[in-house]
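> I would like the atomic coordinates for the input below:
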Amino acid sequence: MSRRIIYRIEDRSGNSFTEEEWSEVVRLQHWYNSEFSWSTGRISFKRFVVFPNTEDFKDVSVSIWDHIAQRHQDLRAMGLQEPEIMANLESEKLVIVKWGGYYDGCLASGFTRVADNEWNAFLVCDFLLKTSTLLPECTISVQDEGRFVKTGRIGIRNAAVFLKHEPDDSTLLAEEACASNRVFSVVDAAKYARHPSFRNVIPEFARLKAMKKREIVRNWNWLGYDGRYDLDGDDVRGYDLNSKVRFFGFEE
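Reported below is the predicted structural model:
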């Protein structure tokens, strides 16, 4: 599994948004996914994940997908919004819905596979920072399995970044990042202009000699933990997301 950036809006007091606010997030997400090149995965922030109920409809003559499409069209024509449509489809047992997105206990959640493409990591966090201004009553929890987010985990609320006090040495790193206003790495986008697409299959890998296997695995960097930075997790020149942050602080 390639390195991911995970984002969640937890279902708890203090987090809420309207249908109109979320529709703006959907528009922004579509723009990022369409406007930029993605070598591994795209932004996938979801309020729900839908699966067709193939078990109950496996013996019918008409495809389950046709049933869902027709019923979805009918409900939309009645003026229902997407969550209401999904609730109806679920109650009619046409679909199985996982509310809150990919992760439990959330109002919305998702992840993007970025592997070692730090420019894509920048774009994801840039999107999340903008999204936080569209959903000002929400804290977006962000986890980077790599090193673009220097502290690994942060919260974003209305363009402010909040770090966590951890029961280990990572608190010192967080304090240094907060004091210097440098939570995100500086990224030179030009390094990733022709970044190869992520692959999880190497043709005829089993037949390769051991030396060639080691070469492929080493250069492939499929987990994406090691960026091509110039110094201490930063590029000498490039895009600095820290400059867009309204405030750096610690969670209370």
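> residue 131 touches residue 31, doesn't it?
No: between residue 131 and residue 31 there is no contact under Cβ atoms under 8 Å: 11.6 Å. Placement of C-beta: from N, CA and C, glycine included.
> which one of those two has more residues nearby?
residue 131 (25 against 13; other Cβ atoms under 10 Å).
> what is the neighbour count of residue 36?
So residue 36, with other Cβ under 10 Å, has 16 neighbours.
> residue numbering should commence at 3 henceforth.
Sounds good: first residue 3 from here, last item residue 38.
> who are the contact partners of the residue lying closest to residue 241 once chain neighbours are set aside?
Distances taken as Cβ to Cβ, 6 or more residues apart in numbering place residue 189 nearest to residue 241, at 5.5 Å, with adjacent residues excluded. Residue 189 sits next to 120-121, 123-124, 150, 237, 240-241 when contact means Cβ atoms under 8 Å, 6 or more residues apart in numbering.
> make it 7 Å
Residue 189 makes contact with 120-121, 124, 237, 240-241, according to Cβ atoms under 7 Å, 6 or more residues apart in numbering.
> got the buried residues for stretch 46-56?
Residues 46-51, 54-55 are the ones in stretch 46-56 that count as buried (16 or more other Cβ atoms under 10 Å).
> straight-line length of that stretch, end to end?
24 Å (Cα to Cα, to the nearest Å).
> what's in contact with that stretch?
9, 24, 27, 31, 66-67, 70, 85, 88, 95-101, 103-104, 110-114.
> which one of the buried residues of stretch 46-56 is nearest residue 174?
residue 47 (31.5 Å; Cβ to Cβ).
> beta partners for that closest one?
residue 112 (DSSP bridges).
> ok, now residue 6?
residue 115.
> mind checking pLDDT for it?
Note for residue 6: predicted pLDDT of 93.
> could you identify the buried members of the contacts of stretch 46-56?
9, 24, 27, 31, 66, 70, 88, 96-97, 99, 101, 103-104, 110-114.
> tally of neighbours for residue 147?
21.
> again, but for the one 3 residues further on
A count of nearby residues for residue 150, using other Cβ under 10 Å, gives 28.
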